[in-house]
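Engineer: one predicted model, sequence on top.
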Amino acid sequence: MRVEQDGLVQIVTLNRPPHNLLGEPDLAALADALDEAATSARAVVLASEGRSFCAGANFRSEDAPDPTDAQAFRTRTAAFYAQARRIFAAPLPVVAAVHGAAIGAGFGIALACDLRVVSSQAFFQANFVTLGIHPGFGLTLTLPRLVGPGRAADLFLTGRRVAGEEAVALGLAERLVPPGQERAAALELAHQIAQGAPLALAATRRTLRRDLVELAAEAMAVELQEQAALAGTADAREGVAAVLERRAPRFGGR
């Protein structure tokens, strides 16, 4: 995690290239950075290095949730979601500069932010069904909240990619910029936010997000229950193996 100050804006950069795959310690470091930003800034830009914004959880990490082991998955995912709740509760407005892939947990992180800037080369994907697992990271709350239940069902049940132009059209992102300009545009937007009256900004954001943290925590509790029920199934093992082996999964409904 790299943290830089630019006037009244703090820039937090995920720097585990190429894809910024995350484990629980990475989420904790991100939550810490977002909390600490309130001491010196009025808005935050969340950016990343490498090919992807964040391509999800790191299945190869020892501390990442492992959907092939039911008990370990429940324990580790509970810790993962405890840090996710802190990200939803970030004290300052957060603008995500999304380039490349925002998949799974990366999609969840992007939607936990207040605003999103994307380019045509960015894409979002709720790929959980293609892994044989249930959606997580509060996406069952945040995605329908932004795009409506029907469009959310489309994205969840197909696991398809949504590129930058469609993301803006659906309401998943607020700004579409040329490739390579995501960070600069997000920084400009964050500076615009930071020029507002601090008390009014905080009050307005509290109203806009008044129930988000609690509802996200409730959603993640339900998601965890469903994910734990599927963890350890043959389909979950096959889905993860297919990703690691870079092949199409062969699900059998077991």
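Structural biologist: In hand now; what should we look at? Residues are numbered from 1 along each chain as shown.
Engineer: what sits against the residue nearest the centre of the chain?
Structural biologist: The centroid of the chain falls nearest to Ile109 when counting by C-alpha atoms, centre = their mean (1.9 Å). When contacts are counted by C-beta atoms under 8 Å, 6 or more residues apart in numbering, Ile109 touches Leu30, Leu46, Cys54, Ala84, Ile87, Ala96, Ala102, Phe137. Bear in mind the C-beta positions are built from the backbone N, C-alpha and C, glycine included.
Engineer: 10 Å instead?
Structural biologist: 14, 20, 22, 27, 30, 46, 48, 53-54, 56, 84, 87-88, 94, 96, 98, 102, 137-138 (C-beta atoms under 10 Å, 6 or more residues apart in numbering).
Engineer: ok, Arg2 - contacts?
Structural biologist: If you count contacts by C-beta under 10 Å, 6+ apart, Arg2 has them with Ile11, Val12, Thr13, Leu14, Asn15, Ala33, Ala47, Ser48, Glu49.
Engineer: over to it: give its phi and psi.
Structural biologist: When read as degrees, to the nearest 10, the backbone of Arg2 gives phi -120, psi 140.
Engineer: about what we covered before: just the buried residues of the contacts of Ile109.
Structural biologist: 14, 20, 22, 27, 30, 46, 48, 53-54, 56, 84, 87-88, 94, 96, 98, 102, 137-138 (16 or more other C-beta atoms under 10 Å).
Engineer: so which of those sit within strands?
Structural biologist: Judged by DSSP state E, the buried ones among the contacts of Ile109 include Leu14, Leu46, Ser48, Val94, Ala96, Val98, Ala102 as members of strands.
Engineer: leaving out the residues flanking it, which one is nearest to Met220?
Structural biologist: Distance criterion C-beta to C-beta, 6 or more residues apart in numbering; nearest residue to Met220, sequence neighbours excluded, is Tyr81 at 4.4 Å.
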